[in-house]
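Q: here's my sequence, what's the structure:
(4 chains)
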2 protein chains.
Amino acid sequence: MFIELNTASSIPIYTQLRNQIVLGIGRGELKMGEHLPTVRQMAEAAGINVMTVNKVYAILRAEGFIEIDRRHGAVVCPRKENAEALQEKCSAQLELLITESSLKGMSRERFFAICGEIFDRQQTAAENAFL
Amino acid sequence: MFIELNTASSIPIYTQLRNQIVLGIGRGELKMGEHLPTVRQMAEAAGINVMTVNKVYAILRAEGFIEIDRRHGAVVCPRKENAEALQEKCSAQLELLITESSLKGMSRERFFAICGEIFDRQQTAAENAFL
DNA sequence: TTATTTGTATTATTATAAATAATACAAATG
DNA sequence: CATTTGTATTATTTATAATAATACAAATAA
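A: As a prediction, the model looks like this:
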């Protein structure tokens, strides 16, 4: 699980960290039931503050991507609670993304090809997660 | 061209306005060559500051979605300059979006169906733009 | 038991960004 | 000439991001 934060980016550190953990789950680098580093470990490894990491873990828990055990830290456990809310958010983002892409000349076929590649990668990752 | 800003949202006003204009172009509500309201008109209509609108127009120009004529205001004129840079940004966002969606139980078929609908809507919008 | 580690709550401080406000100015228009 | 355009400037207020230094209850391991 590589974490790489860009402090020069306009994207807040806690958002970058949140996104990379979600991507790590999707890629299968973080498997179901696996433990994340403790907030203090993660903070030291990433060179950021403990409370920033704590904020990220709290967000991921609220979003239903992890559960938090006091003693053993955060555990990867994707739940499907707020599924509808998050799917609506995704649809709205998709329209913006597709609009930007197609205005910049990306064809429908190329867009679908990129989506297909991403889905394929995640399917194999999900299969490996149960070995 | 409806502009609806949510000042209670965590998304900055200037980002909301920028996104809605881009979506308006994609939907064909803003046609090629059409004039946007002047910064002062837009500011009054949306109930926000002139400089906030100016910031949005400057961003849209830098992204290649509009051109700015000093006298007649902003003109819709999608260019394909920074196409590669923006397409890479889209790909990165897509991976995050697909990861979130599929972890929340959205199937590949459903995701592609949503994308297809959006593309269809934009194609008819683009056709109407040349009538 | 005792000592340690966990997530978390609290409070304060600094730095940055967002948004507004009040002007002012050059360029273009009528 | 007077007006309107985008834009530059400067200042101020507000909100957020991030760090920092503690502290504490709960759980674990000695």
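Q: now the residue of chain A most remote from its centre: how far from B:Gly28?
A: Most distant residue from the mean C-alpha position of chain A: A:Gly105, 27.9 Å away (Cα atoms, centre = their mean). Shown here: A:Gly105 relative to B:Gly28, a distance of 17 Å by Cβ to Cβ, to the nearest Å. In short, each C-beta sits where N, CA and C put it, glycine included.
Q: OK, contacts around A:Arg18?
A: Neighbouring residues of A:Arg18 by Cβ atoms under 8 Å, 6 or more residues apart in numbering or on different chains: A:Val56, A:Ile59, A:Leu60.
Q: helices or strands next to the helix or strand that contains the last one in the packing?
A: Element membership of A:Leu60 [criterion: DSSP states H and E] is helix A:50-62. Where contact means 3 or more Cβ pairs under 8 Å, 6 or more residues apart in numbering or on different chains; DSSP states H and E, helix A:50-62 is packed against helix A:13-27, helix A:39-46, strand A:66-69, strand A:73-76.
Q: not counting its neighbours along the chain, what's nearest A:Ala74?
A: Excluding its sequence neighbours, the residue lying closest to A:Ala74 (Cβ to Cβ, 6 or more residues apart in numbering or on different chains) is A:Leu36, at 4.1 Å.
Q: go ahead and confirm that neighbour touches A:Tyr57.
A: Yes: with contact defined as Cβ atoms under 8 Å, A:Leu36 counts as touching A:Tyr57 (7.4 Å).
Q: nearest the geometric middle of chain A, what residue?
A: Mean-position check on chain A, Cα atoms, centre = their mean. Result A:Val22 at 1.6 Å.
Q: let me know the secondary structure of the spatially closest residue to that one that is not a sequence neighbour.
A: Nearest residue to A:Val22 in three dimensions, chain neighbours excluded: B:Thr99, at 5.8 Å (Cβ to Cβ, 6+ apart). For B:Thr99, the assignment made with DSSP: H, G, I helix; E, B strand; the rest coil gives helix.
Q: need the contact list for B:Thr99.
A: By Cβ under 8 Å, 6+ apart, the neighbours of B:Thr99 are A:Val22, A:Leu23, A:Ile25, A:Gly26, A:Arg27, A:Ile118, A:Gln122.
Q: so which bits of the worst-scoring helix or strand of chain A on mean pLDDT are buried?
A: Lowest mean confidence among the helices and strands of chain A (mean pLDDT, DSSP states H and E): strand A:73-76, at a mean of 82. By neighbour count on 16 or more other Cβ atoms under 10 Å in any protein chain shown, the buried set for strand A:73-76 is A:Gly73, A:Ala74, A:Val76.
Q: who are the packing partners of that strand?
A: Checking 3+ Cβ pairs under 8 Å, 6+ apart, strand A:73-76 ends up next to helix A:50-62, strand A:66-69.
Q: figure out which of these is closest to DNA strand D.
A: Evaluated over the helices and strands packed on strand A:73-76, closeness to DNA strand D peaks at helix A:50-62, with 3.6 Å, by Cβ to the nearest atom of the strand.
Q: many thanks, have a good one.
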